[in-house]
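K.L.:
take a look and give me a structure for this.
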Amino acid sequence: MQKINKNVVLALLSLASLVFLLFQLYYYKFYLSHKNGTVFSKVRGSQSGQDITRWHVVRKFLGLAASYNIPVYLIDPFILGLIAKDIEQIRSSPEGPSPECKYFCAPRDFTTFALLDKTWKYEVGLLKTAEKMGFQWLKIINKDPRLDGMDDLSGIEIPLHYIFKLASHAIHLVVFYERSGNYLWHGPLRLKQHMDRKFVPFRKLHFGRYPGAYEKPELLLVSIDDLKVQIPKDPSSFLEEMLHSRFLECRYREARSFFQLYPDDASLDAVEFRKKAKSLLHLAALTLNNLGVKFWLSSGTCLGWYRQCNVIPHSKDVDLGVFIRDYKADIIPAFQKAGLPLKHKFGKVEDSLELSFQGDDVKLDIFFFYEEDDHIWNGGTQAKSGKKFKYLFPKFTLCWTEFVELKVHVPCETRQYVEANYGPDWKVPVKMWDWKSSPSNVQYNGVWPVDEWDDVIQIY
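P.N.:
Alright, predicted model coming up:
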């Protein structure tokens, strides 16, 4: 009797397994294939159910976005990396480059899309529709930095990120905003205390650890894995831009505290100087950007941004830094063509190069930086004596910021950079400044040989 019961149980288990297998086959053949289109006729046996699930989630999300006329575009670095390898074939093939589900079926936890805020008005209906489609969602909001300033630090909260989760896959929608410097910005992904930190593996997200700044991309509509989707026209350039997109906001709260201790100079001369300095900085940025020369705010201009979110009115010049590896012989003629004559040229490309151009009552100084194993330095030259000086900085990387309505680089490690140059008392304004002795990081660096003076000390 016991033996018969075992056989019956085995038979019932086998029958249940067969019924479940037939149900799966029916589901994939008739439900998914009819609902999801012809792509499953292209997805060969090499694709697993998990691979198909990723494609299915992306398709559902694109359908959701289309139903609300939301012009999303793909910015997922993993998928764009695959696309970049086949971009010519993708551009030339209206139906896509491969009969296989190659891109949206690739293993990953997320698929990342972007949305331009001004192209869509947020509607509660979209999230309700998403829920009806089976999505779970999470919205991340934070203060709008475009409204920050000396007079208002309260800020209005705006949506920065959305997460749409379905089955084992999630869509990360990054909201981009246009800033006054004519570029796109996305905010950080910061979870509020009440939010579920296990909703998705947030640490694996490609966007949101830091704010980011991007140029406005030119988009291309393509067919990939039987899905119509917009992508950056040059995926490789976008991926390179992503690697260097980190953005730092101006520290308005600290600047406000600074001005409470040291009231701002609101004289006509100060206002006029700041106006001219802003104009000069914009012209310098345009000139260097056209040459493809990367630069950053340096010296007093960097201090003004970091300490008081403005140009220091008693500085009397604009200071920029450039790595010597990015030097181009076209720099001098380009600035002269832009209406900025060369005022002086000190040093040489191999050692302590600096250029100074004359603007409208405001001088533009460009200091070239040299990299060593454990530090970075730029040089200075005293014209009357030929003495050389060296200014040492800890190694740094570059981030974007917005300064006087301009997207511009600053050292990411700004405090260390400023403290190296101005010491621990950098918060205290100093109007009497000697470039040969006042900086904390200055070192005497010898004297130029007299027979080189004609080349390394040129004053116009």
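K.L.:
okay, CA-based contacts and neighbour counts for the rest of this
P.N.:
Fine.
K.L.:
give me the residues contacting stretch 183-194.
P.N.:
Contact partners of stretch 183-194, identified using Cα atoms under 8 Å, 6 or more residues apart in numbering, comprise 140, 142, 160-161, 174-179, 197, 207-216, 407.
K.L.:
which of the residues you listed are buried? Put it as a PyMOL command.
P.N.:
Selecting only the buried entries of those in PyMOL, with 16 or more other Cα atoms under 10 Å as the criterion:
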select buried, resi 140+142+160+161+174+175+176+177+178+179+207+208+210+211+212+213+214+407
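K.L.:
among the contacts of stretch 183-194, name the ones in strands.
P.N.:
Applying DSSP state E to the contacts of stretch 183-194, the entries found in strands are 140, 142, 160-161, 174-179, 212-214, 407.
K.L.:
and the two most separated of those residues?
P.N.:
The span of those, defined through Cα to Cα, is set by 140 and 407 at 25.0 Å.
K.L.:
surely residue 343 is in contact with residue 359?
P.N.:
No - applying Cα atoms under 8 Å, one finds residue 343 not in contact with residue 359, separated by 9.6 Å.
K.L.:
for residue 198, give me phi and psi.
P.N.:
phi -110, psi 10 (degrees, to the nearest 10).
K.L.:
could you check how far it is from residue 61?
P.N.:
According to Cα to Cα, to the nearest Å, residue 198 and residue 61 sit 21 Å apart.
K.L.:
which of those two has more neighbours?
P.N.:
Using other Cα atoms under 10 Å, the more surrounded residue of residue 198 and residue 61 is residue 61, with 21 against 7.
K.L.:
can you tell me the closest non-neighbouring residue to that one?
P.N.:
residue 171 (7.6 Å; Cα to Cα, 6 or more residues apart in numbering).
K.L.:
for the one you found, grab the count of nearby residues.
P.N.:
With other Cα under 10 Å as criterion, residue 171 counts 22.
K.L.:
kindly state the beta-bridge partners for it.
P.N.:
Beta-bridge pairing for residue 171 (DSSP bridges): residue 111, residue 164.
K.L.:
you'd agree it is up against residue 58?
P.N.:
Yes - at 7.3 Å, residue 171 counts as touching residue 58 under the criterion of Cα under 8 Å.
K.L.:
where along the stretch 1-150 of the chain do the strands fall?
P.N.:
73-74, 110-116, 136-143 (DSSP state E, counting those that start in this stretch).
K.L.:
most tightly packed of these?
P.N.:
strand 110-116 (a mean of 22; mean count of other Cα atoms under 10 Å).
K.L.:
which residues does it contact?
P.N.:
58, 70-76, 169-178, 205.
K.L.:
okay, the strands of the stretch 1-150 of the chain in CSV with mean pLDDT and distance to residue 291 next?
P.N.:
Shown next, in CSV, are those (pLDDT from 0 to 100; distance: least, Cα to Cα, whole Å):
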stretch, mean pLDDT, distance to residue 291
strand 73-74, 98, 30
strand 110-116, 96, 29
strand 136-143, 94, 36
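K.L.:
I'd like these as CSV, with distance to residue 185 appended.
P.N.:
Output for the strands of the stretch 1-150 of the chain, formatted as CSV (distance: least, Cα to Cα, whole Å):
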stretch, distance to residue 185
strand 73-74, 15
strand 110-116, 10
strand 136-143, 13
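K.L.:
out of those strands, flag the one nearest residue 221.
P.N.:
strand 73-74 (9.0 Å).
K.L.:
can you list the strands that the closest one pairs with?
P.N.:
Going by DSSP bridges, the partners of strand 73-74 are strand 110-116 (antiparallel).
K.L.:
CA-only coordinates of the partner strand in CSV, if you can.
P.N.:
Provided in CSV are the C-alpha atoms of strand 110-116 (Å, rounded to 0.1, in the frame of the first residue of the first chain):
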residue,chain,number,x,y,z
PHE,A,110,18.5,48.8,-15.0
THR,A,111,17.8,50.6,-18.3
THR,A,112,18.4,54.3,-18.1
PHE,A,113,16.4,56.9,-20.1
ALA,A,114,16.5,60.7,-20.0
LEU,A,115,13.7,63.3,-20.1
LEU,A,116,14.0,67.1,-20.7
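K.L.:
is it true that residue 332 lies in a strand?
P.N.:
No - read with DSSP: H, G, I helix; E, B strand; the rest coil, residue 332 is helix and lies in no strand.
K.L.:
quick one, what contacts it?
P.N.:
Per Cα under 8 Å, 6+ apart, neighbours of residue 332: residue 342.
K.L.:
okay, residue 145: pLDDT?
P.N.:
Listed pLDDT for residue 145 reads 88.
K.L.:
burial count for residue 352?
P.N.:
Other residues lying near residue 352 total 24 when counted by other Cα under 10 Å.
K.L.:
quick one: contacts for it?
P.N.:
346, 368, 369, 378, 379, 380, 381, 390.
K.L.:
export the helix or strand harbouring it as PDB, just CAs?
P.N.:
Here residue 352, judged by DSSP states H and E, is contained in strand 351-358. Output in PDB follows, covering the C-alpha atoms of strand 351-358 (Å, rounded to 0.1, in the frame of the first residue of the first chain):
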ATOM      1  CA  ASP A 351      58.700  75.400 -18.200                       C
ATOM      2  CA  SER A 352      56.600  78.000 -16.400                       C
ATOM      3  CA  LEU A 353      54.500  79.200 -19.300                       C
ATOM      4  CA  GLU A 354      51.900  82.000 -18.600                       C
ATOM      5  CA  LEU A 355      50.000  84.300 -21.000                       C
ATOM      6  CA  SER A 356      48.300  87.500 -20.300                       C
ATOM      7  CA  PHE A 357      45.800  89.300 -22.500                       C
ATOM      8  CA  GLN A 358      44.400  92.700 -22.200                       C
END
